[in-house]
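K.L.:
what follows is a predicted structure for the sequence shown.
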Amino acid sequence: MPANPSRLLAAALLTAVSLAAQSADVSIGDPYARTMPPGQPNSAVFMSMDNRSGQTQALVGAESGASEIVELHTHAEEGGMMRMRRIEKIEVPAGETVTLKPGGLHVMLIGLKQPLEPGDAIDLTLVFDDGSRMPVQAPVRRIEMQRMNH
């Protein structure tokens, strides 16, 4: 017997609602993207992630139409220099908050499609290890940073 299209749609909607509810265990605070000098093709997004669940959650990816590539990054000291490195995930232990900030963990936007200006906002979708996806809107801010080697 062929599947009932209405039942398939209802099942798909319930699955989507279930995945959204799972990501509700992690709340996002103060997301923002960094402005960059003219001609700079990359930027970063920062935020806090508060895990209110009883188990570790992990951010394993992100997507945005603002850039060609989106990666998770951190900074690590190598030979006395701070260097940026791609990482596979950012773990958020149960009951804890992890802060993505300049000079530390961040979401890297590589190959910006247009300059980011203060007052703009970018759409970002966070992807967690349980398959859940969380939309985030990050306003663009100008921040001063110490010079780092990337």
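P.N.:
Yep, it's here.

K.L.:
who's the closest spatial neighbour of residue 29, skipping the chain neighbours?
P.N.:
Spatial nearest neighbour of residue 29, chain neighbours left out: residue 48 (4.1 Å); criterion: C-beta to C-beta, 6 or more residues apart in numbering. Any C-beta I mention is one placed from the backbone N, CA and C, and that applies to glycine too.

K.L.:
neighbours around residue 86, how many?
P.N.:
10 (other C-beta atoms under 10 Å).

K.L.:
that should have said residue 90, apologies.
P.N.:
22.

K.L.:
that one is in contact with residue 96, isn't it?
P.N.:
No - using C-beta atoms under 8 Å as the test, residue 90 is too far from residue 96 to be in contact (12.0 Å).

K.L.:
next structured bit after the least confident helix or strand in the chain by mean pLDDT?
P.N.:
When each helix and strand of the chain is scored by mean pLDDT, DSSP states H and E, helix 5-23 comes last, with a mean of 42. Next helix or strand after helix 5-23 toward the C-terminus (DSSP states H and E): strand 26-34.

K.L.:
other residues contacting that following strand?
P.N.:
Strand 26-34 is contacted from outside by 43-53, 57, 66, 92, 97, 102, 109, 116, 120-122, 124, 126, 128, 134, 136-143, 145, using C-beta atoms under 8 Å, 6 or more residues apart in numbering.
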